[in-house]
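Asks: what's the 3D shape of this:
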Amino acid sequence: MNIHFVLPQELRGAVDLAVADWQSNSKVDRFWLKDPSLWTRDGEENWLGWIDIVKRQLSQLGDLAELGADVQTGGFKHVLLLGMGGSSLCPEVLSATFGQQIGFPALHIVDSTDPAQIKATLKKLKLAETLVIVASKSGSTLEPNVLKQYFFEEMKFAVGAERAAGHFIAITDPGSKMEQVAKLDGFRSIFYGDPQIGGRYSALSNFGVVAATVAGLRIGQLLDEAGKATAQAKLPPAENLAVQLGLILGSAANAGRDKFTIFTSPEIYDLGAWLEQLIAESTGKLGKGITPVDREAIGPPSVYGNDRIFVYVKLTGTADSSQDGKVAALAAAGHPVIQIEINDPYEIFGQLFTWEVATAVAGSVMGINPFNQPDVESAKIETRALTDAYEKTGLLPERDPVLVDAGIGIYATHAYSGLLNVAAPRWTLAGVLKAHLGQLLPGDYFAALAFLPMFPEHEAAIQAFRHKVRDKKRVATCLGFGPRFLHSTGQDYKGGPNTGVFLQITADRAVDVDIPGQTYSFGVVIDAQAAGDLAVLESRGRRALRVHLGADIAAGLKTLSDAIDQALA
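Replies: Numbering: from 1, shown residues only. I've put the predicted structure just below:
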């Protein structure tokens with residue numbers, strides 16, 4: 001791994017001071033001693049089990065080899081991992097980066113409650129040849145629990161009730177509800193997490209390593225790369241790349257450059273999704289935060305404000321080196337740029353550890369606890385209240401739209417709709433969107449939050465108009481699909497600075513899927529999650545607008561895109 005920093009003089013001065021502080025106050029040594037005074041003395045020492053996880057995982061290579069052999073001889077052609085956030089994002093990175101390995105099953109991920117997305121995944125699988133991994137640290141997270149219920153029943157139909165449990169393994173913390181379920185049902189195996197490792201720091205624990213093993217990756221090599229990064233992170237600050245990364249991120253955020261914009265080589269593109277959760281959930285709280293920006297195409301320097309910091313992770317020999325010159329132009333224009341080059345995809349595990357250290361160090365510089373997530377639970381509470389209400393009444397509470405135009409309903413609080421009514425040139429879809437996007441000021445960001453199936457055609461449509469917003473307004477833009485972003489960037493959107501302008505996108509459910517043992521369906525769950533998230537954003541005084549499409553999502557997105565074009569004209 002090679003790292004090169006290009007920093008403006010003012011930021012370089014702040015980073016040099018931070019390096020000197022970490023050197024003179026022995027902060028690297030204190031980090032490895034789990035000293036909570038580096039942060040806020042809020043029990044941070046209880047969440048640092050990840051700093052020595054690589055050594056512990058290396059001692060379990062024999063057990064992991066047995067798992068790999070079991071999968072190979074078990075006749076499995078697919079592995080389906082059910083999880084959310086930290087339980088699923090590292091496996092997703094591995095699946096997207098390495099693909100299917102010869103002699104091993106293909107790895108699929110479901111981290112959604114959208115019924116169309118669930119059905120689409122099911123169609124790809126022959127369950128009789130599928131091993132299902134239920135990954136949930138706490139065992140109490142809604143999504144993996146209901147997904148387990150659904151796929152367990154489907155497996156019973158496919159292979160018979162007596163054989164279904166043999167197709168399931170669990171990854172969970174000791175004593176969790178999921179451990180109890182796995183034992184009661186007779187799962188094939190249970191692998192344990194470390195209760196002193198939070199979900200977003202769990203990539204090198206069994207939550208990432210078990211997935212890598214069943215996918216046929218060379219675990220020894222992955223962990224060796226992580227071991228190199230671990231050793232490097234123990235060096236003095238001036239030689240310690242992970243610590244320097246953290247000092248740069250924290251110092252930049254304190255100076256207002258808090259939009260962490262991620263570029264990668266296409267072969268390792270999904271690393272950005274994992275970084276999003278790590279950084280947003282760790283830093284977005286108490287009105288502070290680093291907002292990660294993933295999957296934005298590189299633009300010319302003129303479309304960026306002075307709130308950006310860029311990182312470019314390049315794979316040597318990439319099929320697309322066209323980004324090199326574009327990134328160089330950003331550095332030449334005075335933007336801070338971090339360039340990292342890795343020689344082999346197997347260095348991904350080293351990247352994961354390096355960024356975990358960097359994020360923890362950035363939290364120290366920002367004066368926050370990077371290991372808690374106080375605002376993630378708020379949306380869960382709202383969702384739980386809505387599903388509880390549904391169980392009693394058979395209905396979800398619904399608000400009246402402030403406007404219906406071109407088949408799209410628009411929803412906002414009374415106060416915010418009043419503000420938009422004053423600002424809108426016309427009370428139409430395009431007019432309201434013009435007023436909403438007109439709220440964007442320098443230093444703000446635009447976030448499209450889509451509670452839709454995460455299908456390529458939907459992502460492409462939203463990507464197109466997010467870039468138009470960026471180019472016209474010169475603001476950072478984000479795209480998240482619900483409910484997965486609730487366990488990731490949602491923490492920053494609710495707990496970080498009030499600089500977001502949010503467009504929530506919902507739709508009618510053309511299909512739905514019942515959840516065994518529940519009175520509500522997956523469609524009800526995702527609708528409740530969307531309503532709960534919007535309610536929390538609104539309660540925090542965020543500038544949030546909801547647009548509701550019809551059942552024809554493609555047509556609805558086309559109408560929405562055309563209206564945004566008019567709004568930006």
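Asks: quick one, helices of the stretch 401-550 of the chain?
Replies: 414-423, 429-437, 456-473, 490-495, 522-539 (DSSP state H, counting those that start in this stretch).
Asks: relative to residue 241, which of those helices is closest?
Replies: helix 490-495 (24.7 Å; Cβ to Cβ). All C-beta atoms are positioned from the backbone trio N, CA, C, and that covers glycine.
Asks: in the closest one, what's buried?
Replies: 490, 491, 492, 493, 494, 495 (16 or more other Cβ atoms under 10 Å).
Asks: where in the protein is pLDDT low?
Replies: The chain contains no residues with pLDDT under 70.
Asks: repeat that for 90
Replies: Along the chain, segments meeting pLDDT under 90 span 1, 140, 319-321, 374-382, 384, 398.
Asks: show me what contacts residue 144?
Replies: 82, 83, 84, 87, 134, 135, 136, 178 (Cβ atoms under 8 Å, 6 or more residues apart in numbering).
Asks: hmm, the fourth one is touching residue 171, no?
Replies: Yes. Look at residue 87 against residue 171 with Cβ atoms under 8 Å: they come within range, at 7.1 Å.
Asks: and the strands in the stretch 151-300 of the chain, which stretches?
Replies: Here the stretch 151-300 of the chain has its strands, by DSSP state E, counting those that start in this stretch, at 168-172, 189-192, 259-264, 291-294.
Asks: and the last one, which strands flank it?
Replies: Partner strands for strand 291-294, per DSSP bridges, with pairing direction: strand 259-264 (parallel).
Asks: ok, residues contacting the strand it pairs with?
Replies: With Cβ under 8 Å, 6+ apart, strand 259-264 has contacts from 249, 271-272, 275-276, 279, 290-294, 296, 298, 307-315, 323, 327, 445, 476.
Asks: in that strand, what counts as buried?
Replies: 259, 260, 261, 262, 263, 264.
Asks: off-centre distance for it?
Replies: 14 Å (Cα atoms, centre = their mean, to the nearest Å).
Asks: coming back round to it: need the contacts of residue 144 in JSON lines (columns: secondary structure).
Replies: Shown next, in JSON lines, are the contacts of residue 144 (DSSP: H, G, I helix; E, B strand; the rest coil):
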{"residue": "82", "secondary structure": "strand"}
{"residue": "83", "secondary structure": "coil"}
{"residue": "84", "secondary structure": "coil"}
{"residue": "87", "secondary structure": "helix"}
{"residue": "134", "secondary structure": "strand"}
{"residue": "135", "secondary structure": "strand"}
{"residue": "136", "secondary structure": "coil"}
{"residue": "178", "secondary structure": "helix"}
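Asks: which two in those residues are spaced the farthest apart?
Replies: 84 and 178 (12.5 Å).
Asks: end to end, how far does stretch 468-483 reach?
Replies: 25 Å (Cα to Cα, to the nearest Å).
Asks: buried residues in that stretch, which are they?
Replies: 468-470, 473-483.
Asks: the closest residue to residue 514 other than its chain neighbours - how many residues pack around it?
Replies: Spatially, and ignoring its direct neighbours in sequence, residue 514 is nearest to residue 521 (5.1 Å; Cβ to Cβ, 6 or more residues apart in numbering). By the criterion of other Cβ atoms under 10 Å, residue 521 has 18 neighbours.
Asks: from residue 505, how far off is residue 402?
Replies: 16 Å (Cβ to Cβ, to the nearest Å).
Asks: ok, now residue 378?
Replies: Taking Cβ to Cβ, one finds residue 378 at 21 Å from residue 505.
Asks: those two: which is more packed in?
Replies: residue 505 (25 against 21).
Asks: what sits against the closest residue in space to the more buried one that isn't next to it in sequence?
Replies: Closest residue to residue 505 apart from its sequence neighbours, by Cβ to Cβ, 6+ apart: residue 450 at 4.5 Å. Residues in contact with residue 450 (Cβ under 8 Å, 6+ apart) are 458, 462, 479, 480, 481, 482, 504, 505.
Asks: who touches residue 6 in this structure?
Replies: Taking Cβ under 8 Å, 6+ apart as the contact definition, residue 6 lies against 331, 336, 337, 339.
Asks: phi and psi next, for the third one.
Replies: In other words, residue 337. phi -130, psi 130 (degrees, to the nearest 10).
Asks: quick revisit: which of the contacts of residue 6 lies closest to residue 220?
Replies: residue 339 (28.8 Å).
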